[in-house]
Structures are given as C-alpha cells and as structure tokens.
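Q: sequence unknown, structure follows:
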C-alpha cells in the first residue's frame, strides 16, 4: 500500500471538486496511477485495471518498469546537462516524476507537464502546488494538436526554445490511434525543438504474445482512450531522422539498467523504449 505521503493520501482532488468531469469512466493515467500503487484514481479506474490484471498479471510490473525507465532516462539527460523537459502525456506526477528526478541532478531544471485530461491536470496542479511557477508549468492540451502545445504561452514561459529540450513521450503514443497520425505528431514536435534536443519514448507492444496482449488492452476500450499495440518496426518509425542513444530501441529493462543488472522477469515487460538525438 502507498505510504501516507503527499503522493499517497488521495485522491488529492476529490471527484466532487471536478464539476462536469465523468469519473465513472476509466482513464489510462489514473489506471496507471493504480498500477503504481497510488490513490489518485476512482472506482472505474480500479475496476478496469483489475480486469486488465486478471488477463495480464504483469501489467503492474510493466507500469513500474516504465516509471523506472523514465527515471533512468531523465537522470541520464540531466547528467548530460539537460535542464529543460517537455513532458507530454505526463499523467499524474507521483514519486519519481520528471521534475523530481531532474532536479535531484539539476536543481534549476525547468519542466512543462502537458496532459489532455482535466482530472489529471487538476491533480497535477495540486501535487505540484509548491513548485516554482517560473520553472514549472502544468498545461491542459491535446497531444494530437502538437502545434498548439509548442505555441502555448505557459510552455513558452518555462522553456527556452532556443536551447535543447528533452521531449518525453513515455507510455502515451499507444493511446493515439493510427488515424490520428502519431508519427506525424512526433515529427511535428521534434521539428519544433532545436538541434541537440532529445526524444524519450516508450510504447507497448504485442510482439511477445500478441493474442494475450490484445485481450489485456481491450480493457482500455472502456476507458477514455484505446490502447494501440504496435510492433518493433512501427515503434522505430518514431525515431526516424534521429540518432539513437546506445543501446538503441530495446525492451525497457535493457535500457541502461541500474548497475548494469537487468531485473529478473524482465522478459515479461512488453514495452520498447529508447532515447533519440536531434542532430
């Protein structure tokens, strides 16, 4: 169970404080929070997540491995000197979030958190209420309209687009349908940031057990966004035109594991991830 911390007392924002928002429909970000052991979720989220777990009990381990990848990638970039992070589809920023990890290395790091869900945005603003407003922005915007994000006043007030930016698309593109042109979305975002910027990306796949994966992600059909499984080749397309950082696009536990040790059971983590450099 979560410890009684500012991240775990929740929900930080109760349902009755969100007029006009239907909390009876599951949301992927709150399901993810539940998988991570958080409390910023509602009964519909927990029911959908538990149904998913009955089909794929490793879903919780996948969520934790994804959060661990985020931490390793952000720390790697901060150690390289990055101080600017554009976190797209951020979800609820619990422990190990982008700002927490980056500022442990770069205290002056600036982060723009972007998500399209009003509940996630409300939670984010509450959880980050003590953050420096000059260095942290929480923006409600839709990834499917990347130009609006790039031109957003709050994003521009925090990030300097004349200097390299780390763009984070961690476990979000699998919620963008093919008809919504996810490759084009990534290309537009990366075209809008300067040379030297980075793309940090993870994505779910059915490569390792397609039928079981399909059955598990059907639970997202009852949520606000479907889960679109893509294979290695299609995920690699997101990095077209970028130089991949070693070890390339891999199952996420194999991306620069802590102390060089890949945790036991990592073959069951069915997400690919990587970091690309814009030349």
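A: All right, it came through fine. These numbers were taken from a predicted model, which means no experiment stands behind them.

Q: Which parts of this structure are strands?
A: 84-88, 110-115, 136-140, 166-170, 198-204, 243-244, 250-251, 271-277 (DSSP state E).

Q: Let's have those strands in JSON lines, adding distance to residue 98 and mean neighbour count.
A: Any C-beta I mention is one placed from the backbone N, CA and C, and that applies to glycine too. As requested, the strands of the chain are arranged in JSON lines below (distance: least, CB to CB, whole Å; neighbours: other CB atoms under 10 Å):
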{"stretch": "strand 84-88", "distance to residue 98": "5", "mean neighbour count": "27"}
{"stretch": "strand 110-115", "distance to residue 98": "5", "mean neighbour count": "26"}
{"stretch": "strand 136-140", "distance to residue 98": "10", "mean neighbour count": "22"}
{"stretch": "strand 166-170", "distance to residue 98": "6", "mean neighbour count": "24"}
{"stretch": "strand 198-204", "distance to residue 98": "9", "mean neighbour count": "25"}
{"stretch": "strand 243-244", "distance to residue 98": "21", "mean neighbour count": "12"}
{"stretch": "strand 250-251", "distance to residue 98": "21", "mean neighbour count": "18"}
{"stretch": "strand 271-277", "distance to residue 98": "14", "mean neighbour count": "23"}
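
Q: So which of those is nearest residue 48?
A: strand 198-204 (15.5 Å; CB to CB).

Q: just checking, residue 197 touches residue 165?
A: Yes - assessed by CB atoms under 8 Å, residue 197 is found in contact with residue 165 at 4.9 Å.

Q: More neighbours: which of those two?
A: residue 165 (27 against 23; other CB atoms under 10 Å).

Q: residues touching residue 51, list them.
A: residue 219 (CB atoms under 8 Å, 6 or more residues apart in numbering).

Q: Show me the shaky parts of the chain.
A: 1-21, 127 (pLDDT under 70).

Q: Run the angle between the longest helix seen in the chain and strand 84-88 for me.
A: What stands out as the longest helix in the chain, according to DSSP state H, is helix 59-79. Put simply, helix 59-79 runs at 160 degrees to strand 84-88, going by axes from the mean of the first three to the mean of the last three CA atoms, to 10 degrees.

Q: Residues contacting helix 59-79, please?
A: Against helix 59-79 from outside (CB under 8 Å, 6+ apart): 32, 35-36, 49, 52-53, 85, 96, 98, 101-102, 104-106, 109, 166, 168, 170-171, 198, 200, 202, 204, 216, 245, 252-253, 255-258, 263, 265-266, 268-271, 273, 275.

Q: Pull out the buried residues from those residues.
A: The neighbour count (16 or more other CB atoms under 10 Å) marks 32, 35-36, 49, 52-53, 85, 98, 101-102, 105-106, 109, 166, 168, 170-171, 198, 200, 202, 204, 216, 245, 252-253, 255-257, 268-271, 273, 275 as buried among the contacts of helix 59-79.

Q: Can you show me the helices along the stretch 101-250 of the chain?
A: 118-127, 146-150, 153-158, 182-191, 210-217, 232-236 (DSSP state H, counting those that start in this stretch).

Q: Tell me the buried residues in the last one?
A: Right, the one you point to is helix 232-236. Per 16+ other CB under 10 Å, helix 232-236 contains these buried residues: 235, 236.
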